[in-house]
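In: Model the following, please.
(one chain, ligands or ions: 2)
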Amino acid sequence: MHADLDYFYAQCEENLDTTIRGKPVIVCVYSGRTEESGVVSTCNYKARNFGVKAGLPIVRAKKIMEGTDAVFLPVNRQLYEKVSDRIMEILRKYADNFEKTGIDEAYLDVSESVDENFNEAKSIALQIKKEIVQSEQITCSIGIGPNKLIAKIASDENKPDGITAVPPQEVDAFMSKLSVGRIPGVGKKVEEKLSQLHVQSVKELSALNANILVETFGRSLGSYLYKAARGEDDEPVKDKDRPIQISRIATLKNNTANVTDILPLLAELAHSVNAKLIEENLACKTIGIIAITENLKIQGKSKTIDTPTSDESTIVQCSRELLEQFLQTTPNTAIRRIGVKLSGLSTKSGQMNLSQFLS
Ligand code: TTP
Ligand code: CA
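Out: Ligands and ions are numbered 1, 2, ... in the order given. You can find the predicted model right below:
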């Protein structure tokens, strides 16, 4: 998934001062040279309807908005960063792997949580949007695809407040109706060069052979464009600052709320994560379970112990207790997928450092 917050700075301003909601809101970077020099940073959709957009000189925006009730505000980056941090924490919860790529956007790898099922991914996207609205009153747009490229393009397809899912079998149809400008990284210059090759649409781009693209754009950009035109991308979601963890999730044969039906799989998963722990010569302080219920809600429960362990029976026992507690506190909710997660990892000799683990 790619999640992109809608008209982010302006939406934060609307929440800070709700009296400006419904008016055109234009957030500006004032350069300070004269009272009105500077450019528009972003604006809400009401202002966009008048043709105002990011990068426009403030003077021009003021002219366009003359006689309207438009509100011009200076950027308040501290505010946006705080809101962004809280939203990123929400997003991170739903991802197997998480990569923040900007103040208002992130990739979420949910392949494992949804077992590569696009309908499940869609329902998680809805859940994410609901949670962000409830806690931060911010809408976002989410794109779901078989890779980062498609997810990113899809998140821009139904803005604002949209969800667009493009499963693998729909990638060709989805891509072929786009103009080349929708491919991330294709700006004015690339567009111009492509236009000289009589290429405006992604469909036309996909008809160009690789040699021409490499000759025109160089190896790196040329081969990127060749693959992008086909909806191909194999960049992983890079979890740069993820708290290190070892986890595994699997689907139960049948949805169930019965602990004895879940235990065998839970024990198998606990064994598997523990084997990985031992293989890496690590111990863990926190043992957690992840439960994906039949209504596709992802929930977790964890316990932190005093002394780091890599003892399988401790991990199995602890997961079992967590599962029992979970089923007691959420009765009558059948579980569809179950997982075990170990975190708070350390080497046997003491606290582990990140680079040591990653190298
Ligand atoms: P975007 O995601 O490009 O724009 P947006 O969130 O305002 O609008 P939407 O996603 O609904 O199309 O950028 C995110 C934030 O980055 C934006 O709120 C303000 C800032 N920004 C600038 O400061 N200057 C710019 O030129 C752009 C494009 C964005
Ligand atoms: Ca945005």
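
In: contacting residues around the residue in the stretch 101-250 of the chain that ligand 1 sits nearest to?
Out: As assessed by CB to the nearest ligand atom, ligand 1 sits closest to D104 within the stretch 101-250 of the chain, at 4.4 Å. (Glycine included, C-beta is placed from N, CA and C.) Residues in contact with D104 (CB atoms under 8 Å, 6 or more residues apart in numbering) are 4-5, 8, 80, 84.

In: farthest pair in these?
Out: Spatially, the most separated pair among the contacts of D104 is D4 and Y80, at 14.1 Å (CB to CB).

In: I figured I87 hits Q134, correct?
Out: No: using CB atoms under 8 Å, I87 is not in contact with Q134; the gap is 11.7 Å.

In: Could you identify the helix or strand that succeeds the helix or strand containing I315?
Out: Assigned by DSSP states H and E, I315 belongs to helix 312-329. Under the assignment DSSP H and E, the closest C-terminal helix or strand after helix 312-329 is strand 335-347.

In: The residue nearest to N147 when sequence neighbours are not counted: what secondary structure?
Out: Using CB to CB, 6 or more residues apart in numbering and skipping residues adjacent in sequence, the residue nearest N147 is D233, 4.1 Å away. Secondary structure, DSSP: H, G, I helix; E, B strand; the rest coil: D233 is coil.

In: Contact residues of this structure facing ligand 2?
Out: For the chain, the contact set with ligand 2 under CB under 5 Å from the ion comprises 4-5, 8, 104.

In: From those residues, which land in helices?
Out: Using DSSP state H, the subset of the residues of the chain next to ligand 2 located in helices is F8.

In: Using CSV, please lay out the residues of the chain next to ligand 2 together with pLDDT.
Out: Shown next, in CSV, are the residues of the chain next to ligand 2 (pLDDT from 0 to 100):
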residue, pLDDT
D4, 98
L5, 98
F8, 98
D104, 98
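
In: What about the residues of the chain next to ligand 2, which one has the most neighbours?
Out: L5 (25 neighbours; other CB atoms under 10 Å).

In: Tell me which stretches of the chain form helices.
Out: Using DSSP H, helices in the chain cover 8-16, 45-48, 58-64, 77-93, 118-136, 148-155, 171-176, 188-196, 202-207, 210-229, 259-279, 312-329, 354-358.
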